[in-house]
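[1] model the following, please.
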Amino acid sequence: MSRPSARSVIKEIATGFVDLDVPRSAEPDDGPIDWPGYRVAREAAAERSGEDESVLCGTARIGEVEAVVIAFEFGFLGGSIGQRTGDRVEAAFARAVASRLPVVSLIATGGSRMQHGMRALSQLQRIARAAAGARSVPQISVLRDPTTGGGWATLGASADVVLALPEAQVGFAGSRVRPADAPAEAYTAEAKLAWGQVDRIVPPDDLAAVLERWLRLLTSPSSEAAAPPGAYGSLELPESGWAAVQAARSADRPRAAEYLDGYFEWREDISGDRCGGVDVGVLCGFGRRDGRTIAYAAQCGTPTLPAGFRTAARLVRLASRLGIPVLTLVDTPGAANDAAAERAGAGAAIAELFEAVASAAVPITTLVIGEGGSGGALAFAAPGSTWVTPDAYFSVTSPEAAAAILKLPADEVPALADRLRLRPQDLVDLGIARSVVGPAGRL
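    Okay, the predicted model is just below:
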């Protein structure tokens, strides 16, 4: 299969690429373990690809943003990772930190270079250490075909944002070493997206524009808190607790997507918890508003799955690390509480988000836009910085659950809603919310 060269891929997405000047480490002609024929294979790879190693590292402009670019040349020994690959990647991350530049990794590799033995495998530790030491700058990976082995398990999967080209082969096991009966579709970018390990599949023609948007978003820190959105629904305060519950449960009430679309000029989503789960009922990402970047984690009115809490925690930690304020929208009847949720670690996932919010180094702003059902809603809320819309409620538990706990008949549920003091105005009186927001202004 013919694959585009590293330099042609760089040319498609960037301008002004300049190779880093990286000293060449000493390497015997036949490699560190005297592999027979390695010198000849290396010379043939250099002649075929026009490159002297499996990776190019340098600086370039992607749109208007300068970045460090790491691009694998699959034509050079299958983009395999050897000693000099590690030298270059380590130097690239060092340059990124010194110059405060984001890193974009364009990956196409079969993994570690077999002809280097353990010397090649140990480069993964070097790459992981270099990437970990550069967490002060944004890191974006683009999974090309193929992205397997150590390239996936280091630069690929560890990036802040993981993009992939359509139908790219992605997996820790390459095609020649995985089980014979393993389904090929499990080792694709599409499968990784479905399993919460990739944020987005991007067609090649769109890659330059998508990368520029992400780089603009992630390189715009701000110390100013996000302003809460205004209300898009009813502005009438409910007279009773049960009326508040019914208003929040109305099918006609605006949901998170409408609030996000009205609040941001444009935005980019992240997807998945990076460990096998996706919750379509939680929207997370970064958006642009009045020239500023604001991160968001928004519940969409469904019971929140463990994957939703983990994705939101991932979002908050990333925003905190990059100095980007966060907006959260609360709207859930509660955390999912079925057997599948328990098996997926609901309690641990909720704890993870509570910890991320509690330890965030950036301001977090919360707006309750619908149902605020118990701890599953509270995990998304910022203490002391929470607002509420007129058609929302927040409660220690739902009125129905309260009746079940107290062993009361169903006809007591409306009265219990009043006793729970869950109306928007009650939340302000209790000090849970700072105020009820007024009507939203449109951008």
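[2] hang on, isn't T386 packed against I432?
    Yes - T386 lies in contact with I432 (Cβ atoms under 8 Å); the separation is 6.6 Å. Just so you know, the C-beta spots here come from the backbone N, C-alpha and C atoms, and that holds for glycine as well.
[3] compare the two (neighbour count), which wins?
    Neighbour totals were compared for T386 and I432, and T386 leads with 24 against 20 (other Cβ atoms under 10 Å).
[4] name the nearest residue to the spatially most central residue of the chain, ignoring sequence neighbours.
    The centroid of the chain falls nearest to I270 when counting by Cα atoms, centre = their mean (4.1 Å). In space, and not counting its chain neighbours, I270 is closest to D199: 4.7 Å by Cβ to Cβ, 6 or more residues apart in numbering.
[5] phi, psi of the one you found?
    phi -80, psi -30 (degrees, to the nearest 10).
[6] just the strands in this structure please.
    Applying DSSP state E to the chain gives strands spanning 15-19, 55-62, 65-72, 103-109, 139-148, 161-164, 170-171, 200-201, 266-270, 282-289, 292-299, 326-332, 364-372, 386-388.
[7] need the ones you listed in JSON lines (columns: mean pLDDT and distance to L215).
    As requested, these are exported to JSON lines (pLDDT from 0 to 100; distance: least, Cβ to Cβ, whole Å):
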{"stretch": "strand 15-19", "mean pLDDT": "96", "distance to L215": "13"}
{"stretch": "strand 55-62", "mean pLDDT": "97", "distance to L215": "6"}
{"stretch": "strand 65-72", "mean pLDDT": "98", "distance to L215": "4"}
{"stretch": "strand 103-109", "mean pLDDT": "97", "distance to L215": "8"}
{"stretch": "strand 139-148", "mean pLDDT": "96", "distance to L215": "7"}
{"stretch": "strand 161-164", "mean pLDDT": "98", "distance to L215": "10"}
{"stretch": "strand 170-171", "mean pLDDT": "93", "distance to L215": "22"}
{"stretch": "strand 200-201", "mean pLDDT": "98", "distance to L215": "14"}
{"stretch": "strand 266-270", "mean pLDDT": "97", "distance to L215": "11"}
{"stretch": "strand 282-289", "mean pLDDT": "98", "distance to L215": "11"}
{"stretch": "strand 292-299", "mean pLDDT": "98", "distance to L215": "11"}
{"stretch": "strand 326-332", "mean pLDDT": "98", "distance to L215": "19"}
{"stretch": "strand 364-372", "mean pLDDT": "97", "distance to L215": "24"}
{"stretch": "strand 386-388", "mean pLDDT": "98", "distance to L215": "31"}
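[8] pipe those strands into TSV and attach distance to A356 per row.
    Output for those, formatted as TSV (distance: least, Cβ to Cβ, whole Å):
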stretch	distance to A356
strand 15-19	36
strand 55-62	29
strand 65-72	27
strand 103-109	23
strand 139-148	19
strand 161-164	17
strand 170-171	27
strand 200-201	22
strand 266-270	14
strand 282-289	12
strand 292-299	10
strand 326-332	10
strand 364-372	10
strand 386-388	16
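[9] ok, which of those strands comes nearest A257?
    A257 lies closest, by Cβ to Cβ, to one member of those: strand 282-289, at 6.8 Å.
[10] among the strands of the chain, which is nearest S222?
    When the strands of the chain are ranked by proximity to S222 (Cβ to Cβ), strand 292-299 comes first, at 5.2 Å.
[11] helices and strands around that closest one, which ones?
    helix 207-218, helix 256-263, strand 282-289, helix 306-322, strand 326-332 (3 or more Cβ pairs under 8 Å, 6 or more residues apart in numbering; DSSP states H and E).
[12] right, so of the ones you listed, which gets closest to A247?
    Smallest distance to A247 across the helices and strands packed on strand 292-299 (Cβ to Cβ): 12.5 Å, for strand 326-332.
[13] neighbouring strands for that closest one, and are they parallel or not?
    Here strand 326-332 is paired, per DSSP bridges, with strand 292-299 (parallel), strand 364-372 (parallel).
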